[in-house]
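Chemist: pasting the sequence and the predicted coordinates here, then a few questions.
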Amino acid sequence: MKNRIVHIIGAGMAGSEAAWQVANAGVKVVLHEMRPVKKTEAHQTDKCAELVCSNSFRSDDAEYNAVGLLHEEMRRAGSLIMRCGDASKVPAGSALAVDREVFSELVTKELHSHPNITLDRNEVAGLPPAEWENVIIATGPLTSPALTSAIRELTNEDHLAFFDAIAPIVFKESIDMSKAWFQSRYDKPGPGGTGKDYINCAMDKAQYEAFINALITGEKTEFKEWEKNTPYFEGCLPIEVMAERGIDTLRWGPMKPIGLTNPHTLDAQGQKVKSHAIVQLRQDNLLGTLFNIVGFQTKLKYGAQSAVFKMIPGLENAEFARLGGIHRNTFINSPKLLDATLRMKAMPRLRFAGQMTGCEGYIESATVGLLAGRFAAAQVLEQEITTPPVTTAMGALLNHITTGANAETFQPMNINFGLFPPPDEKIQGRERKKAYTSRALADFDGWINKWRKAA
């Protein structure tokens, strides 16, 4: 390869991780990030790997959860995103949540200080120049119109799109703790936690039903004509869309009361009364001054949000550091357009990474960035490129977005055990999950060790 520089477009979760992997392989990187020269609809800073929707990386349980397994594989692969996530974690039960400002500052500092990385603050408007022989496009869900249009023309495909919604953030000091209380579900401590990591706000049946009615009738964001047929991602539905699906939908979703006990409520016999529904808030920064409302992504207008969310017991006087919002995400039909190493079949000098490939979630996006970075570096160094086994979380995710999914019905996907080859059918229940993770980590270690030897 004549040009030994890898150009990466987009310094989000995927682009930042890709740059780190390429640079650590000894290859020069130019990381192109258009912020703050050109802003997006959702970002608020110019930091790399800014977390827009939530501060949670979800479950950190590597033994029984597919997301936690992916965390562990990322750590074993030398992930920058996981290292900075671990360094900025805040209490969140069994989940890994981070102080989003500390996290993005750490990532940005690491990328700035790496001798093989140059950060270019300009928009790549259109297809990358022909002389860029090795490119990773990791522009995420808010790819600029110029680049989106160029990709659509290149592939002769209509780009796919869905809406993604953002949850509101509340100042802790404005929460009424005479009604709310600290507790993790089932008192699970998790990474950096104590078992009392979430603020919980309970509702009785009447309060819940009034709240649901207010959600459904509240004034909502109007979509433009070209947006009206865009589907939502099922794993990140607005709270009011879930409410419209049935009166008890939220009680079995983000407002489920199981595993939580309200210490403020006692019956005549002194027994604690079971709550009809419970809203949880998760710490959003290291200082513990900000808490986001878990699962409360929304398309309600700001005035309606303030009124409706203050119906939640304990949040009557809530002050919001940020209200929720909604933005349009774009992704490509990866099973049809990409090869097994994330290269575009129509133009192999281009690789894609992150949410644009149709994965969903912070860690999934960073994972695809990690793989794209390793594949690109190996190509520059003329090393053999091997993909992770499909029995691993990385391999299962990569397989799904490149060859495993049906291109005719392709939609964004979080990592889950349904993407893995099943283990021995005789193993059931909780031990079946353990069978997935034990096999995955053994196979992952074999793959990553071979990769290290080849390098």
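Modeler: Sure thing, it's come through. Numbering: from 1, shown residues only.

Chemist: buried residues, the longest helix along the chain. List them.
Modeler: In the chain, with assignment by DSSP state H, the single longest helix is helix 430-454. Neighbour-count burial for helix 430-454, counted by 16 or more other CB atoms under 10 Å, picks out 432-433, 435-437, 439-441, 443-444, 447-448, 451. (C-beta placed from N, C-alpha, C; glycine too.)

Chemist: any chance you could list what contacts that helix?
Modeler: For helix 430-454, the external contacting residues (CB atoms under 8 Å, 6 or more residues apart in numbering) are 62-66, 69, 72-73, 76-77, 374, 378, 383-384, 386, 388-389, 391-395, 417, 420, 423-424, 427.

Chemist: now the residues you listed: which count as buried?
Modeler: Buried by 16+ other CB under 10 Å: 62, 64-66, 69, 72-73, 76-77, 374, 378, 388-389, 391-395, 417, 420, 423, out of the contacts of helix 430-454.

Chemist: which of the residues you listed fall within helices?
Modeler: A66, L69, E72, E73, R76, R374, A378, A393, M394, G395.

Chemist: how about those in TSV, adding pLDDT and distance to P189?
Modeler: Converted to TSV, those look like this (pLDDT from 0 to 100; distance: CB to CB, whole Å):
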residue	pLDDT	distance to P189
A66	95	21
L69	98	19
E72	98	18
E73	98	23
R76	98	23
R374	98	34
A378	96	40
A393	97	23
M394	98	27
G395	97	31
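
Chemist: among those residues, which two are most distant?
Modeler: For those, the maximum inter-member distance is 26.3 Å, found between A66 and A378 (CB to CB).

Chemist: so what's the residue count around the nearest residue to M242 once chain neighbours are set aside?
Modeler: Nearest residue to M242, sequence neighbours excluded (CB to CB, 6 or more residues apart in numbering): T249, at 5.0 Å. Using other CB atoms under 10 Å, the number of residues around T249 comes to 17.

Chemist: just the pLDDT for T249.
Modeler: At T249, the pLDDT value in this model is 95.

Chemist: which residues touch the nearest residue to P263 once chain neighbours are set aside?
Modeler: Nearest non-adjacent residue to P263, counting by CB to CB, 6+ apart: W181, 5.4 Å away. Contact analysis of W181 by CB under 8 Å, 6+ apart lists I199, N200, N262, P263, H264.

Chemist: may I have the secondary structure class of the residue nearest to R349 when sequence neighbours are not counted?
Modeler: Nearest non-adjacent residue to R349, counting by CB to CB, 6+ apart: E133, 5.4 Å away. Here E133 is coil, with the state taken from DSSP: H, G, I helix; E, B strand; the rest coil.

Chemist: do you know how far E133 is from T357?
Modeler: For E133, the distance to T357 (CB to CB, to the nearest Å) stands at 21 Å.

Chemist: neighbour count for these two, which is higher?
Modeler: Counted by other CB under 10 Å, E133 and T357 do not tie: T357 has more neighbours, with 30 against 18.

Chemist: hmm, T330 and the more buried one touching each other?
Modeler: No - taking contacts as CB atoms under 8 Å, T357 lies outside contact range of T330: 11.1 Å.

Chemist: circling back: and the residue nearest to M242, its phi and psi?
Modeler: Per-residue torsions, T249: phi -60, psi -40 (degrees, to the nearest 10).

Chemist: from A304, how far off is it?
Modeler: 19 Å.

Chemist: please apply the same query to A62.
Modeler: 40 Å.

Chemist: OK, contacts around the residue lying closest to V90 once chain neighbours are set aside?
Modeler: Distances taken as CB to CB, 6+ apart place Q283 nearest to V90, at 4.4 Å, with adjacent residues excluded. Q283 makes contacts with V90, P91, A92, A97, D197, L290, F291, as judged by CB under 8 Å, 6+ apart.

Chemist: now the helices for the stretch 201-350 of the chain?
Modeler: For the stretch 201-350 of the chain, helices defined by DSSP state H, counting those that start in this stretch occupy the ranges 205-217, 239-243, 302-309, 334-337.

Chemist: which of these sits closest to E123?
Modeler: So among the helices of the stretch 201-350 of the chain, helix 334-337 is nearest, using CB to CB, at 22.8 Å.

Chemist: just the CA coordinates for that closest one, please, in PDB.
Modeler: Extracted C-alpha coordinates of helix 334-337, given in PDB (Å, rounded to 0.1, in the frame of the first residue of the first chain):
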ATOM      1  CA  SER A 334     -24.600  -3.200   6.000                       C
ATOM      2  CA  PRO A 335     -25.400  -6.900   5.100                       C
ATOM      3  CA  LYS A 336     -25.900  -5.800   1.500                       C
ATOM      4  CA  LEU A 337     -23.100  -3.200   1.300                       C
END
